[in-house]
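Undergrad: quick one: sequence and predicted model below, then my questions.
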Amino acid sequence: MDFQPTRDQRDLRAGVRELLAGRYGRDALRAAVDGGSAVDRELWRELGAAGFFALRLPEAEGGVGLGLPEAVLVFEEAGRALLPGPLVATHLAAGAVPGAAAGTAVVTAFDLGERGGPLVSYLAEADAVLGAAGLPPGEPVRSADPLTPLHRVTGGGPADVSAYREAGALLTAALQVGSALRTLELAVRYAGEREQFGQPIGAFQAVKHLCAGMLVRAEVARTAVYAAAVTAQAADAADGQAADGQDADGEAAEAAEAAEVAGEIAAAKLLADEAAVRNARDCLQVHGGMGFTWEADVHLHLKRAWVRAEQWVTAAEAEEALAAELSRTATGGEAR
Amino acid sequence: MDFQPTRDQRDLRAGVRELLAGRYGRDALRAAVDGGSAVDRELWRELGAAGFFALRLPEAEGGVGLGLPEAVLVFEEAGRALLPGPLVATHLAAGAVPGAAAGTAVVTAFDLGERGGPLVSYLAEADAVLGAAGLPPGEPVRSADPLTPLHRVTGGGPADVSAYREAGALLTAALQVGSALRTLELAVRYAGEREQFGQPIGAFQAVKHLCAGMLVRAEVARTAVYAAAVTAQAADAADGQAADGQDADGEAAEAAEAAEVAGEIAAAKLLADEAAVRNARDCLQVHGGMGFTWEADVHLHLKRAWVRAEQWVTAAEAEEALAAELSRTATGGEAR
Amino acid sequence: MDLTYTEEEREFRARLRAWLAKVLPELPARPSPDDWPGRRAHDTGWQRRLYDAGYAGLHWPLDAGGRGATPTQHLIFLEETERAGAPYVGANFVGLLHAGPTIAAEGTAAQRARWLPPVLRGDEVWCQGFSEPDAGSDLAALRTRAVRDGDDYVVTGSKIWTSHAEVADWCELLVRTGPAAPKHRGITWLAMPMDAPGITVRPLRTLAGSTEFAEVFLDEVRVPVANRVGDENDGWRVTMVTLSFERGTAFVGEVVACRRTLARLARAARASGRWDDPVLRRKLGRLYGEFGALWRLTQWNVSESQRSGGVPGTGGSVFKLAYSHARQELYDTAAEVLGADSLSLEEEWTADRLSSLSYTIAAGTSQIQRNIVAERILGLPKGR
Amino acid sequence: MDLTYTEEEREFRARLRAWLAKVLPELPARPSPDDWPGRRAHDTGWQRRLYDAGYAGLHWPLDAGGRGATPTQHLIFLEETERAGAPYVGANFVGLLHAGPTIAAEGTAAQRARWLPPVLRGDEVWCQGFSEPDAGSDLAALRTRAVRDGDDYVVTGSKIWTSHAEVADWCELLVRTGPAAPKHRGITWLAMPMDAPGITVRPLRTLAGSTEFAEVFLDEVRVPVANRVGDENDGWRVTMVTLSFERGTAFVGEVVACRRTLARLARAARASGRWDDPVLRRKLGRLYGEFGALWRLTQWNVSESQRSGGVPGTGGSVFKLAYSHARQELYDTAAEVLGADSLSLEEEWTADRLSSLSYTIAAGTSQIQRNIVAERILGLPKGR
């Protein structure tokens, strides 16, 4: 067992961080907010060229051939940078929707709310909707997050995205973890610089303890996300190896493994949603009045975290899924 | 409107505090804990003589003729002093069970858990059970609270205490508020005395803010308890005035008033339970290792608060009752 | 302990209610949030109506031109106007609740005669120049400096979080006049005319996307010495008199509004079926209990104020801590009722949720409030 | 990132599991909690079996007589023994996890030869004399003083929270030898024989009603200078070496135990029908997710330790904060499953709930842990 990232994985993460720092730094983020342009097609193609969308597509199909563990590291960086656009849906669409892998197509999904739809993000910017035949009609809705435009779909009906739900939830959780780590950084930096009552506010226990709580939340959530990625990848690999004619024991084991993966992903989403939202709230509190301004980035993290918390798997769904998995392991199988 | 206590009410409270300080101070409390004697018959009679049990019995029936507002002030003091015994049940039994009003009888009740029973407190010490014909048989159970002996009743079946539930819940909430205020005092005193790192621990923000949170909880709960007592008393008085032949409007108004009182009492119990339990926990945290010793009183408050939280109305019941009242006022009647 | 209203209080309520029923339908439509002149006119127009009906300065002392009402009457006034959906105090807030009471308490006869009547009539609007970018929680660290030059102070610096700066006539301004003195002892209170040369107002956009506040930049603005209330360098004390003026009624309207929101939330949840989720339903039930208790705590504080005839003081910190937390919970729960629709700004509760993020920060962060409670009420020692 | 175990690790687990299956049924019954000699015999008997089977000192370095196992093997050992219901480390805790590693790292060859083998064989039991009544969170403020007298230190003072003091052979003792030095620089580490004259042990009753701890009073106890590990006045550094020895495995057994408790809770809730309450069910689901994540965080920390070959350091504070909170939540939720039966001490979870109250206090309160996280990991400044 070696749960720490490999050198290749660390290099991949560092590379993505560098790419995003150069291509989507604070100036680009604020320009996008001010300009109301959520999806930058050129950046989208650059992401495609860098393998962001084709990351998990087999090399034989023109992809990078990596797995979920690498994907969560990459999405964590995108979350940290507050990169907008339907990143998860387009990534999931690679290999299924033409142009998704290369980043020449923008693909969104019905991933909002408990069953998905009728609100959908990035509809006006999208070339396709995951699992749907065409783009449905919709009315624009003013969105709480300035970089997540929303439409209320008025026809066509939601597409079935159940096959994508787990990977979607996991990658969204990775975005949340990146955001949670970033708001922690912002809070710590501000607390070290801002002086009140003759000392940096970070010297006050009340501020210190808020920051410590943020780190705890982010670390626990990050570990849950990484573990779910590794577990899901291992289950995928095992599925791949199991030939057609497997026996009943093998099928039962596979079902148990699938249930375990579902539980790990539900935990990852639940904890990551909470870490992103609560860390953004605490970051805002540390910033005081400055955090309440449009100019500070913290509100952008909070609003995006609210959006992501509604995507793929909500807290209520995650808790019920975890209860079901607890019940299964308590009465028969056993958790690892 | 003058929601503040009258001079008589303040005098009553001060008198009870003085009585209990003299008769059930810390030495008496610890002697009871060490001796395992939960009900002191002599003290019970003294309480009876002081009007503790007959407080709300009409003067015509030999009582003091006061109301719920006075009763909650008195019970708050009993909660502060950690006075053991079935105080609420005996008080409720005044006028119904011979000797209860005078404190010559000890009366307990099936008030534990969501529907009441089969656990019952003070069975071995009791002369009667509220609403039951006789004392049921029971097996002793080791109790978490050293001053609340428990039995599991093995026959006879729980008595119906529904007529007493609201007053029982309210007076129990008053006991909780007294405990919450007392653990706050204990925490503040310890925080001012205990020195670590060269200053009283109360000078550290982390400790300060724990104590501030305790005060907020206790004050909100206390106000809820007082308000519920005043509201319930006013509704009782109105009931008394309404003669037999009242019209349909009058009946509807009375039903609305009864529902409002039920909501206020549910809120009082919910908030008081939470204040008592959480304040005891925070008091323990402020005390550090010393709080974990048998010698410190804080665990006695916590354990008693746990007992009371299970009495008459649980948190789940209170929240559901409040939801029902919210629904009623939102769709028809209106909260004051 | 009595929660029934006296005959006199019930009459006061009935008269007010009847007047509101008559006058509210006559009011013009509310202007858009960005139309500052329109908002000023709307708010001051409402104040003028209150004045004409005898409700202006209800809680002000009689000798300041107020009505000398009891705290309970003031509570009834705030409760009824909120329930009836009357206009908020809006642009009149600083004049009626901060600057006016300060002048009433600390001003000279001439200052009272000059400034108080126009506030009551809705003729003049005040804004507040207290906070600065580097003096937030540590308000007394403010650095905007005023230098005496003949009969004027010459003021340079900047202020932040100023509401209605665009349309105000006057600004109650805290400035540093004693730079060498300990920070609380070198502050002076001035009434600054907002049309004086050297004032630049820049709107400050909040995370809610609105510009409810502004920054005010002061470049050698001349303020007559005659506009000083209280002594030079005594402004901190003068200000504290204002801040403790509220007599327990500060949040009456807001608590009433929260209770109405909760009722609407319950109706929405019943209509959508979300009510059937016990987790959400029990949360709503708990909030109903909490806001009920906060209403009772308001009545408690008002009664205390009424009885003492004085100021409730630090009890306000206890209330604000409980209230700001409960109100943020309320909007988080509203988001649960809405589900994904909580992401739409077209939902009123979503906009309110954004605004509510300031409740644990504005007018003293929860951290500062807990310090106040711990040190001033509980008597815990200050740290090293 | 890989969570699969290597062939070697799987073999280690299989061998251990087989051995446990064979040996555990042969063990005598557990003595009662109050039977200290019986508990010592039980715990040291188990240690002797571990020794004979080659599992003693698994995580100790080879040159200290240990097995030099990897952190992952140690994790597997702790996981499997907990799952199998093997005896806890019990009376051997201080010897194996604090005093032993300290001597291994800082002792002389003679000290290592004298003290380490008996710990591994279960022949000698150690207790810890660190905390004092007035030195809890501020451990370095300890005042028990040691004065050199010939070849001895003469020690006077008192210690608290000492487990197994009644039956220990040795006490790892922190004493003040440099009263004039800054508080961290005047402390010395001594091995005190518990049969020395002048030692009085008084059981300390906890709120759980048990006497798991004792106070130890020291009245001119003579401890040979030869029993000093490290230099005089260098005891704080010596102790910190011990405290950072754990390599991420400190809570393995406890997390495994919590996950088993959670499974039993779920079964109990299903049996009683409480599972049908979504509020409770969702809480249980959330706890399942949290403890799953804590298990993964354990694996993460162990992997980090394995890779760096060093100590995980401050990461332990992050883990302890999350874990102690989650475990208290677990027992609060157990009380909800039990309802009024949670008031009965005959319910195992009620007793556990009482014990769990110490988790946010013992071995560094949550407040101290947050300071550590904020200052040492996040680099926030110390206060004035």
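TA: Now that the structure is in, tell me what you want to look at.

Undergrad: what pLDDT does the residue of the stretch 101-250 of chain C found nearest chain D get?
TA: Per C-beta to the nearest C-beta, C:Asp138 is where the stretch 101-250 of chain C lies closest to chain D, at 14.0 Å. The C-beta positions use only the backbone N, C-alpha and C, and glycine is treated the same way. Predicted confidence (pLDDT) for C:Asp138: 94.

Undergrad: what sits against it?
TA: A:196-197 (C-beta atoms under 8 Å, 6 or more residues apart in numbering or on different chains).

Undergrad: for the chain, which spans come out with low pLDDT?
TA: Went with chain A since none was named. Applying pLDDT under 70 to chain A flags the ranges A:157-158, A:242-246, A:333-336.

Undergrad: my question was about chain C, not that one.
TA: In chain C, residues with pLDDT under 70: C:243-246, C:310-314, C:384.

Undergrad: do the longest helix belonging to it and chain A meet at all?
TA: Secondary structure of chain C per DSSP state H: the longest helix is helix C:278-308. Yes. Contact of helix C:278-308 with chain A (C-beta under 8 Å from any C-beta of the partner chain) involves C:Val279.

Undergrad: are the helix or strand following that helix and chain A in contact anywhere?
TA: Reading on from helix C:278-308 to the C-terminus, the next helix or strand found by DSSP states H and E is helix C:315-338. Yes. Helix C:315-338 is in contact with chain A by C-beta under 8 Å from any C-beta, via C:Ala335.

Undergrad: restrict helix C:315-338 to CA atoms and write it as PDB.
TA: Provided in PDB are the C-alpha atoms of helix C:315-338 (Å, rounded to 0.1, in the frame of the first residue of the first chain):
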ATOM      1  CA  GLY C 315     -27.600  42.600  26.000                       C
ATOM      2  CA  GLY C 316     -27.700  43.600  22.400                       C
ATOM      3  CA  SER C 317     -24.600  41.500  21.700                       C
ATOM      4  CA  VAL C 318     -26.300  38.400  23.000                       C
ATOM      5  CA  PHE C 319     -29.300  39.000  20.800                       C
ATOM      6  CA  LYS C 320     -27.200  39.800  17.700                       C
ATOM      7  CA  LEU C 321     -25.100  36.600  18.100                       C
ATOM      8  CA  ALA C 322     -28.200  34.400  18.300                       C
ATOM      9  CA  TYR C 323     -30.100  36.300  15.700                       C
ATOM     10  CA  SER C 324     -27.400  36.500  13.000                       C
ATOM     11  CA  HIS C 325     -26.700  32.800  13.300                       C
ATOM     12  CA  ALA C 326     -30.400  31.900  13.200                       C
ATOM     13  CA  ARG C 327     -31.000  34.200  10.200                       C
ATOM     14  CA  GLN C 328     -28.200  32.600   8.200                       C
ATOM     15  CA  GLU C 329     -29.600  29.200   9.100                       C
ATOM     16  CA  LEU C 330     -33.000  30.400   7.800                       C
ATOM     17  CA  TYR C 331     -31.600  31.100   4.400                       C
ATOM     18  CA  ASP C 332     -29.600  27.900   4.300                       C
ATOM     19  CA  THR C 333     -32.800  26.100   5.000                       C
ATOM     20  CA  ALA C 334     -34.600  28.100   2.400                       C
ATOM     21  CA  ALA C 335     -32.000  26.900  -0.100                       C
ATOM     22  CA  GLU C 336     -32.900  23.300   0.900                       C
ATOM     23  CA  VAL C 337     -36.500  24.000   0.300                       C
ATOM     24  CA  LEU C 338     -35.700  25.400  -3.100                       C
END
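
Undergrad: burial measure for residue 294, as a count.
TA: Defaulting to chain A. A:Trp294 has 19 neighbouring residues, counting by other C-beta atoms under 10 Å in any protein chain shown.

Undergrad: to clarify, I was referring to chain C.
TA: Neighbours of C:Leu294 (other C-beta under 10 Å): 23.

Undergrad: check whether the helix or strand hosting C:Arg270 contacts chain B.
TA: Taking DSSP H and E as the criterion, C:Arg270 maps to helix C:252-272. Yes. Contact of helix C:252-272 with chain B (C-beta under 8 Å from any C-beta) involves C:259, C:262-264, C:266-267, C:270.

Undergrad: pull the number of nearby residues for the closest residue to chain B within the stretch 1-150 of chain A.
TA: Per C-beta to the nearest C-beta, A:Glu114 is where the stretch 1-150 of chain A lies closest to chain B, at 20.9 Å. By other C-beta under 10 Å, the residues close to A:Glu114 number 11.

Undergrad: residue contacts, it?
TA: A:314, A:316-317, C:339.

Undergrad: okay, and the most centrally placed residue in chain A sits in which element?
TA: Chain A has A:Thr172 as the residue nearest its centroid, 2.0 Å off, counting by C-alpha atoms, centre = their mean. Element membership for A:Thr172 (DSSP H and E) is helix A:165-193.

Undergrad: which elements pack onto that helix?
TA: helix A:68-80, helix A:87-93, strand A:199-200, helix A:205-241, helix A:248-287, helix A:298-309 (3 or more C-beta pairs under 8 Å, 6 or more residues apart in numbering or on different chains; DSSP states H and E).

Undergrad: who's in contact with the residue of chain A found nearest chain B?
TA: Going by C-beta to the nearest C-beta, chain B is nearest to A:Gln205 of chain A, at 3.8 Å. A:Gln205 is in contact with B:204-206, D:367, D:370-371, D:383, counting by C-beta under 8 Å, 6+ apart.

Undergrad: where along chain C do the helices fall?
TA: Under DSSP H, chain C gives helices at C:7-23, C:36-53, C:71-84, C:93-94, C:100-106, C:109-121, C:235-243, C:252-272, C:278-308, C:315-338, C:348-356, C:366-372.

Undergrad: can you tell me which of those helices is nearest to B:Arg304?
TA: Nearest to B:Arg304 among the helices of chain C is helix C:278-308 (22.4 Å), distances taken as C-beta to C-beta.

Undergrad: buried ones in stretch C:350-363, by neighbour count?
TA: C:350-362 (16 or more other C-beta atoms under 10 Å in any protein chain shown).

Undergrad: again with stretch A:320-329
TA: Across stretch A:320-329, burial judged by 16+ other C-beta under 10 Å covers A:320-329.

Undergrad: near chain B at all, stretch A:215-235?
TA: No. Judged by C-beta under 8 Å from any C-beta, stretch A:215-235 makes no contact with chain B; its nearest approach is 15.1 Å.

Undergrad: closest to A:Asp11 out of the contacts of A:Gln205?
TA: Nearest to A:Asp11 among these is D:Arg370, at 33.5 Å by C-beta to C-beta.

Undergrad: can you name the farthest residue from the center of the chain?
TA: Defaulting to chain A. Distance to the chain centre peaks in chain A at A:Gly198, reaching 40.0 Å (criterion: C-alpha atoms, centre = their mean).

Undergrad: my bad, chain C
TA: C:Asp276 (38.0 Å).

Undergrad: need the contact list for it.
TA: With contacts defined as C-beta under 8 Å, 6+ apart, C:Asp276 has no neighbours.

Undergrad: and it, how far is that from chain A?
TA: Remark: distance between C:Asp276 and chain A (C-beta to the nearest C-beta, to the nearest Å) = 12 Å.

Undergrad: ditto for C:Gly68
TA: 36 Å.

Undergrad: pretty sure C:Trp60 contacts C:Gly95?
TA: No. C:Trp60 lies out of contact with C:Gly95 (C-beta atoms under 8 Å); the separation is 10.9 Å.

Undergrad: and those two? Which one has more around it.
TA: Remark: of C:Trp60 and C:Gly95, C:Gly95 carries more neighbours, 32 against 22, as counted by other C-beta under 10 Å.

Undergrad: surely the more buried one is in contact with C:Pro117?
TA: No. Judged on C-beta under 8 Å, C:Gly95 makes no contact with C:Pro117 at a distance of 11.0 Å.

Undergrad: any chance of TSV for the helices of chain C, columns distance to A:Asp247?
TA: As requested, these are arranged in TSV below (distance: least, C-beta to C-beta, whole Å):
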stretch	distance to A:Asp247
helix C:7-23	79
helix C:36-53	76
helix C:71-84	71
helix C:93-94	76
helix C:100-106	84
helix C:109-121	87
helix C:235-243	78
helix C:252-272	48
helix C:278-308	41
helix C:315-338	46
helix C:348-356	54
helix C:366-372	61
